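Enquirer: got a sequence here, can you model it:
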Amino acid sequence: MKRNFIVSGIIALIVVFSFLVSNHITSAQRLNAQEVRRPTMAIQSAAQSNVIIVHSWLALSFKIGIDSETLAKVHPIYQRVYQDIEVKDAEVDKKYEPQMNELRTNPPLDQKEGQRRAKALLGQISQEKRDISNNAMHTIMTSLQKVLSETQMSELHKQTEELLKQRMRGMPRPPNASGKQPQRPAQ
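Expert: Numbers count the residues shown, from 1 in each chain. The predicted model follows:
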């Protein structure tokens, strides 16, 4: 009886110890999925560049009184640039897809290392997408100068700047060197 009790106790300890070890190992291997999927500030700013492009089209169409003939001349510019953005964004996604899949399927044992890699990878992706959007906006503005009058261009710049100011008010500011959030000036 005493022998069965000791054997059962040893088996129970082995089971508990195995459970704790396996749980610790698998939790160390798990990558925080939210870190991989959560959009970062850089990705959001790249998306906002696309919003600015769409907003400039809407501003031309509805806020800045341009005639239908001029709007018809401007349309192919936006269409070409927007299609170009879609193609280049898809190329960036395809370029980084193997690395993202590798990170999801074979995460590093150290969770912090996995988060660091995911953040670096998302930073690269978002920087490329931001560059695509910035180049597209520059292409649009350069092309529009050939079609629009000076007053229409200045009104478009004014509308775009207004949108940027509105968007920046809602975005959190990056921390300063001390790691603290800077205080917003009173308005």
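Enquirer: average model confidence for stretch 1-16?
Expert: Mean pLDDT, computed over stretch 1-16, is 71.
Enquirer: quick check: next helix or strand after the longest helix along the chain?
Expert: Determined from DSSP state H, the single longest helix within the chain is helix 68-105. The helix or strand immediately downstream of helix 68-105 is helix 111-145, counting by DSSP states H and E.
Enquirer: lowest-pLDDT helix or strand in the protein?
Expert: helix 33-37 (a mean of 46; mean pLDDT, DSSP states H and E).
Enquirer: residue contacts, residue 136?
Expert: 49, 53, 81-82, 84-85 (C-beta atoms under 8 Å, 6 or more residues apart in numbering). In this view, the C-beta of every residue, glycine as well, is placed from N, C-alpha and C.
Enquirer: kindly report the domain assignment for the chain.
Expert: As assigned by automatic domain parsing, the chain contains the domains 1-29, 40-168.
Enquirer: deepest in the core, which of the ones you listed is it.
Expert: domain 40-168 (a mean of 15; mean count of other C-beta atoms under 10 Å).
Enquirer: now do the contacts for residue 71.
Expert: 60-61.
Enquirer: distance of it relative to residue 80?
Expert: Using C-beta to C-beta, to the nearest Å, residue 71 is found at 15 Å from residue 80.
Enquirer: mind telling me what element residue 65 is part of?
Expert: Residue 65 belongs to no helix or strand, assigned by DSSP H and E.
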